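Sequence below, structure please.
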Amino acid sequence: MNAMDHARLLPWASPDGKPCYLIGGTGTGYVSRLADRMEAEQMESAAVLIGEARRVLAACAWTPGEIHLLAYDLNAALTEVHRVSESRGARLQQRTEGEDDGGGDGAPSAA
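You can find the predicted model right below:
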């Protein structure tokens, strides 16, 4: 098992656009808490943008500029939400694998 098997994909990218990872830790440190807050903000921003998109599209009187800006903003939000989804899915898989190999929480399993 390598270090990347227990890495957390962070909700931001490096200045050159590459993914950033947090290696090790328990998920309660400063960077983990910062990532949790940022993920929550990204998800909330996406929810607000969905409402805005519904409003703009329901009006049926948008300009090409409004549609272009909406598409740009939706793409940015979808990119962020996809990154959050990847990160959370990977962490769920790590937990499941940890339980399967006896690395669970120590509680007896129901037989």
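
ok, Gln93 - contacts?
Listed by Cβ atoms under 8 Å, 6 or more residues apart in numbering, the contact set of Gln93 is empty. Quick note: C-beta positions are derived from backbone N, CA and C, even for glycine.

again but with Ala90, I slipped
The contact partners of Ala90, by Cβ under 8 Å, 6+ apart, come to 8-9.

For Leu9, which non-adjacent residue is spatially closest?
Once flanking residues are discounted, Leu9 sits nearest to Ser87: 4.0 Å by Cβ to Cβ, 6 or more residues apart in numbering.

Now for that neighbour: which residues touch it?
Residues in contact with Ser87 (Cβ under 8 Å, 6+ apart) are 8-11, 35, 39.

repeat for Glu86
Listed by Cβ under 8 Å, 6+ apart, the contact set of Glu86 reads Leu9.

Look up which helix or strand Leu22 falls in, please.
Here Leu22, judged by DSSP states H and E, is contained in strand 19-23.

Just the pLDDT at Ala61, thanks.
The score at Ala61 is 88. That number is its pLDDT.

For it, what are phi and psi?
Note on Ala61: its backbone torsions stand at phi -140, psi 40 [degrees, to the nearest 10].

okay, and for this protein, where does confidence drop off?
Scanning the chain for pLDDT under 70 picks out 1-5, 25-26, 98-111.

Show me which strand runs longest in it.
Taking DSSP state E as the criterion, the chain has its longest strand at strand 7-13.

Centroid-nearest residue for this protein?
Nearest to the geometric centre of the chain sits Val84, at 0.7 Å (Cα atoms, centre = their mean).

From Leu69, how far off is that residue?
Val84 sits at a distance of 23 Å from Leu69 (criterion: Cβ to Cβ, to the nearest Å).

Could you do Thr96 as well?
To Leu69, Thr96 is 40 Å away according to Cβ to Cβ.

Might you calculate how far the host helix or strand of Arg33 sits from the centre of the chain?
Element membership for Arg33, per DSSP H and E: helix 30-59. Using Cα atoms, centre = their mean, to the nearest Å, the mean C-alpha position of helix 30-59 is found 11 Å from that of the whole chain.
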